[in-house]
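# pasted the sequence and its predicted model underneath.
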Amino acid sequence: MKKQKEVLFTGSDTEGGITSGYQMNDGVKLKVPYSFFGSIYDEDEERMVLTAMKQESQTMGPQVTLFQKEFAKAFDVKHAFATSNCTTAMHAATQVFGIKAGDEVIVTPITFIATSLVILKEGAKPVYSDIDPRTFNIDPKQIEAKITPKTKAIYVVHYGGQMCDMDPIMAIAKKHNLYVMEDCAHAHGAKYKGRQAGSIGDIGCFSFHSLKNMTTLGEGGMITTNNDKFADKIQRMRVMSITHWNPDQTSWEFGGYKMEKKDVKDYWIPSHFDVIDDDGKWGNNYRMNEAQAAVGRAQLRKLDMLIGKRRENSQYLNEGLKGIKGITPVYEDPNCHHAYHLYTLCIEEEILGASRNDFMRVLYQEEGIQSILHYQPTYHFTGLKKKYNYPDKLCHNAEKFFYARELNLPMNPKLTKNDLDMIIGGVRNTAKKVRK
């Protein structure tokens with residue numbers, strides 16, 4: 001029998017596009033590509049997957065239970081709930097908050113579409129508040145002017161692994177009786193004044209996508225909260241509104257059929273579960289499977305090492321990129337422990353004498369260093385602009401950041417010193433070339 005030739009797929013062949021890879025097959029010889037796998041796997045993950053595969057339960061079983069407990073302990077929260085991804089985590093959180101049609105949620109425009117999508121799915125309106133041009137996070141000083149009687153929550157994103165300035169944000173939320181959700185997709189291992197990401201707002205939501213600081217087989221998420229009432233609702237929102245029957249009740253009648261529980265061993269009476277709604281909100285199947293949770297447990301044990309490598313690599317870049325006219329390395333807020341999910345370099349066109357796009361072209365085509373952009377202001381996407389007719393120049397700092405200043409250099413814990421030196425040399429060479 002003729003052996004079938006193995007087919008290798010590249011980023012341009014995949015369904016996910018920029019969410020799964022960005023290899024262009026355009027003839028450019030890359031020295032340092034932008035990797036879309038942000039963690040490190042070894043024998044620990046292999047062993048954990050095999051352990052899960054040998055279990056009878058393959059979803060929402062012992063691995064998920066242990067992952068949740070271990071994550072809650074590591075992130076200093078009372079409750080953690082594993083989900084299929086961060087988007088489903090944020091959607092469950094939005095439902096738990098009771099966000100509905102006609103409500104408004106203040107959110108940063110510099111984030112993946114998912115942060116706004118979960119608001120839109122509940123019929124509410126995202127209200128965009130501008131960013132701090134140094135941290136790229138939502139600027140607390142801009143938030144209060146956006147609050148109206150329709151405002152129900154503030155959704156913050158810890159961009160690139162540097163946490164938002166949470167104390168003033170929480171003070172504003174308390175003053176106006178608003179919920180706060182932390183989108184922690186970038187923030188595993190990040191801290192603000194010693195406090196863990198996902199432990200400060202009402203609810204935190206994490207991503208374990210393959211690009212993130214820790215990952216669970218390509219997709220996965222986690223919801224964190226210190227609120228016991230929210231914990232009960234979160235459990236139902238991620239598992240199809242399923243709950244238990246009243247344990248104190250001993251008899252039920254359905255359609256003329258009476259069922260009586262005679263003994264605690266009558267586990268099947270009245271049925272294996274009940275389904276309720278939470279103020280008109282209905283749950284969905286947002287569960288994590290056992291193999292993902294098993295890998296998550298192994299990754300959680302590595303997290304300090306993974307973040308340590310990212311910080312070491314980023315600080316090496318910061319040092320190597322200092323003093324280049326028109327180039328701004330990453331700013332670290334002294335209140336924060338930066339987890340460096342992203343390394344965002346800024347091009348100051350008026351100082352460099354060349355545009356960000358010209359800089360990226362030379363860096364890519366001539367120096368072989370691949371960079372990417374995160375994130376286009378959400379309100380400029382066709383669907384949102386069509387629905388809400390957001391005005392141009394809505395958030396000046398955010399628009400200048402995406403369209404004229406930022407690019408993300410390769411950043412992951414597998415980068416070598418040689419990779420980092422090539423990145424530094426490539427940036428320095430590019431600055432000289434475009435300036436001429």
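Alright, I've got the coordinates.
# what pLDDT does residue 13 get?
On pLDDT, residue 13 comes in at 56.
# residue 1 too?
Note for residue 1: predicted pLDDT of 43.
# got the buried residues for stretch 180-199?
Under the neighbour-count criterion of 16 or more other CB atoms under 10 Å, stretch 180-199 has 180-192, 195-199 buried. (C-beta placed from N, C-alpha, C; glycine too.)
# out of the residues you listed, which sit inside strands?
Among the buried residues of stretch 180-199, the ones falling in strands (DSSP state E) are 180-183, 191-192, 195-196.
# so residue 336 makes contact with residue 163?
Yes. Between residue 336 and residue 163 there is a contact under CB atoms under 8 Å: 5.1 Å.
# in terms of neighbours, single out the busier of these two.
Between residue 336 and residue 163, counted using other CB atoms under 10 Å, residue 163 has the larger neighbour count: 30 against 22.
# contacting residues for the more buried one?
Counting by CB atoms under 8 Å, 6 or more residues apart in numbering, residue 163 touches 137, 187, 190-192, 197, 333, 336.
# leaving out the residues flanking it, which one is nearest to it?
Closest residue to residue 163 apart from its sequence neighbours, by CB to CB, 6 or more residues apart in numbering: residue 192 at 4.0 Å.
# same question for residue 213.
Nearest one to residue 213, counting by CB to CB, 6+ apart, is residue 188 at 4.2 Å.
# OK, contacts around residue 132?
Residue 132 sits next to 138-139, 165, 397 when contact means CB under 8 Å, 6+ apart.
# most neighbours out of these, which is it?
The most crowded member of the contacts of residue 132, judged by other CB under 10 Å, is residue 138 (30 neighbours).
# thinking it is in contact with residue 108, fair?
Yes. Residue 138 lies in contact with residue 108 (CB under 8 Å); the separation is 4.1 Å.
# shared neighbours, those two?
Taking CB under 8 Å, 6+ apart as the criterion, residue 138 and residue 108 both touch 129, 131, 156-157.
# just put those in TSV and tack on neighbour count and distance to residue 387.
Listed next are the shared contacts of residue 138 and residue 108 as TSV, based on neighbours: other CB atoms under 10 Å; distance: CB to CB, whole Å:
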residue	neighbour count	distance to residue 387
129	25	19
131	28	22
156	30	23
157	27	21
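# so which of the residues you listed sit within strands?
Using DSSP E, 156-157 are the members of the shared contacts of residue 138 and residue 108 that sit in strands.
# so which of the shared contacts of residue 138 and residue 108 comes closest to residue 173?
The closest of these to residue 173 turns out to be residue 156 (CB to CB; 9.9 Å).
# does the closest residue in space to that closest one that isn't next to it in sequence sit in a helix, a strand or a coil?
In this structure, residue 156 finds its nearest non-sequential neighbour in residue 164, 4.6 Å apart by CB to CB, 6+ apart. Put simply, residue 164 is coil when judged by DSSP: H, G, I helix; E, B strand; the rest coil.
# relative to residue 39, how far out is residue 164?
Counting by CB to CB, to the nearest Å, the gap from residue 164 to residue 39 is 24 Å.
# nearest residue to the most centrally placed residue in the chain in space, please, no chain neighbours.
Ranked by distance to the mean C-alpha position of the chain (CA atoms, centre = their mean), the top residue is residue 185 at 1.8 Å. Ranked by CB to CB, 6+ apart and with sequence neighbours excluded, the top spatial neighbour of residue 185 is residue 207, at 3.8 Å.
# repeat for residue 376
Closest residue in space to residue 376, ignoring its immediate chain neighbours: residue 402 at 5.4 Å, by CB to CB, 6+ apart.
# now do the contacts for that neighbour.
By CB under 8 Å, 6+ apart, the contact set of residue 402 is 110, 373, 375-377.
# and this structure, what are its domains?
Structurally, the chain divides into domains by automatic domain parsing as follows: 11-37+303-435, 43-242+278-295.
# most tightly packed of these?
A comparison of the domains of the chain by mean neighbour count, using mean count of other CB atoms under 10 Å, puts domain 43-242+278-295 on top with a mean of 21.
# which pLDDT value goes with the closest residue to residue 279 other than its chain neighbours?
Take residue 279 and drop its neighbours on the chain: the residue closest to it by CB to CB, 6+ apart is residue 98, 5.8 Å away. We have a pLDDT of 98 for residue 98.
# what backbone torsions are found at residue 98?
Main-chain dihedrals, residue 98, degrees, to the nearest 10: phi 80, psi 20.
# residue 237 is in contact with that one, correct?
No. Residue 98 is beyond contact range of residue 237, at 11.2 Å (criterion: CB under 8 Å).
# mutual contacts of the two, please.
By the contact definition CB under 8 Å, 6+ apart, residue 98 and residue 237 are jointly contacted by residue 281.
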